[in-house]
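# Sequence first, then the predicted structure:
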Amino acid sequence: GEDVEQSLFLSVREGDSSVINCTYTDSSSTYLYWYKQEPGAGLQLLTYIFSNMDMKQDQRLTVLLNKKDKHLSLRIADTQTGDSAIYFCAESGGNNRLAFGKGNQVVVIP
Amino acid sequence: GAGVSQSPSNKVTEKGKDVELRCDPISGHTALYWYRQRLGQGLEFLIYFQGNSAPDKSGLPSDRFSAERTGESVSTLTIQRTQQEDSAVYLCASSLGTPGGEQFFGPGTRLTVL
C-alpha cells in the first residue's frame, strides 16, 4: 500500500538553505511530487520527479530521489520569507491517485 | 474560469444533516479527484473520476459518502448524516487525465460538523 512519511516542522533563517525529507513505501511509484500550501491558499505543485531520475533542479529547488531507500528530499536554496508554508510530498503509482505525506511546516525567520 | 473552483468555501452543519459540496474543474480536464484534509494531516484520497465514471472509489470512508459527476464537468460530493469526524477541508483537483499529469487543486471547502 501507499504510505508517505514526513517530519513535521522546520525553522530556517532567511538566505539559508532548507532541506525537507520524505520517505515512501510504494516501490511502484512512478512520479513523486512536492506541493506547497500557503495559509488560505490551495495546493500548488512546486516540482515533480520521475522515478527513473536521481535529481532534478529547477531554479532554487533541487529534488533528490534515492529509489533504493525510497527517500525523497527537497532543497530550497536562498530561502525567502515567501517560502514559509507547508510542504507536502506525494507519490503516484500511475493509477492517478496521489498519496500524500502529512506535510512539513517551514517557517522562515527574517 | 482559470482554475478549479469549489463551493461553498465554508460550511457549518449540525450532526446528522446532509451536505453537498461542489467542484467546478478546469475546462477540458477529464479527470477529477476529491481529497480530504483533516486538521494537521496530509490529504486523503477519496474518489477519482475519469469523465463521468468513477473507476476508483476506494477512498470513500463509508457509505455515507457519495459523489457524482455530470457532463464531464461539475462534481458534487455528498455526505449524508454527517458526523463530527467528517469535519475537514475537502479539496477537489482536476487534471488532463494523463499518467502523472499535474493535478490542479481548488481552494477547498472547510466543513465543520457541530
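Received, thanks. Numbering: from 1, shown residues only, chains lettered A, B, ... in the order given.

# so where is the chain shaky, pLDDT-wise?
Just going to use chain A. Low-confidence segments of chain A, defined by pLDDT under 70: A:1-2, A:7, A:94-95.

# Sorry, I should have been clearer: chain B.
B:1.

# Can you tell me which residue is spatially central in it?
Computing the C-alpha centroid of chain B and ranking residues by CA atoms, centre = their mean puts residue B:34 first, at 3.3 Å.

# how about the residues of chain A near chain B?
Contact residues, chain A versus chain B (CB under 8 Å from any CB of the partner chain): A:4, A:6, A:30-31, A:40-45, A:48, A:50, A:88, A:90, A:92, A:94-103. In this view, the C-beta of every residue, glycine as well, is placed from N, C-alpha and C.

# what number of residues lie near residue A:5?
15 (other CB atoms under 10 Å in any protein chain shown).

# cool, and residue B:37?
Residue B:37: 20 neighbours (other CB under 10 Å).

# my guess is residue A:50 contacts residue A:31, does it?
Yes: shown here, residue A:50 and residue A:31 form a contact pair, counting by CB atoms under 8 Å, at 6.0 Å.

# Helix, strand, or coil at residue A:91?
strand (DSSP: H, G, I helix; E, B strand; the rest coil).

# Just list the residues touching it, thanks.
A:2, A:4, A:24, A:26, A:29, A:31-33, A:98-99 (CB atoms under 8 Å, 6 or more residues apart in numbering or on different chains).

# Nearest residue to it in space, please, no chain neighbours.
Ranked by CB to CB, 6 or more residues apart in numbering or on different chains and with sequence neighbours excluded, the top spatial neighbour of residue A:91 is residue A:29, at 4.1 Å.

# do residue A:110 as well
residue A:14 (5.2 Å).

# secondary structure element for the residue nearest to the centre of chain B?
strand B:31-37 (DSSP states H and E).

# Can you list the strands that that strand pairs with?
Next to strand B:31-37 in the sheet, as set by DSSP bridges, lie strand B:43-50 (antiparallel), strand B:88-95 (antiparallel).

# Output it as CSV - backbone C-alpha positions only.
Below are the C-alpha coordinates for strand B:31-37, written out as CSV (Å, rounded to 0.1, in the frame of the first residue of the first chain):
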residue,chain,number,x,y,z
ALA,B,31,-10.0,13.7,-14.6
LEU,B,32,-11.4,15.0,-11.3
TYR,B,33,-10.4,14.0,-7.8
TRP,B,34,-11.7,14.5,-4.3
TYR,B,35,-9.4,14.5,-1.3
ARG,B,36,-10.0,15.2,2.4
GLN,B,37,-7.5,17.0,4.7
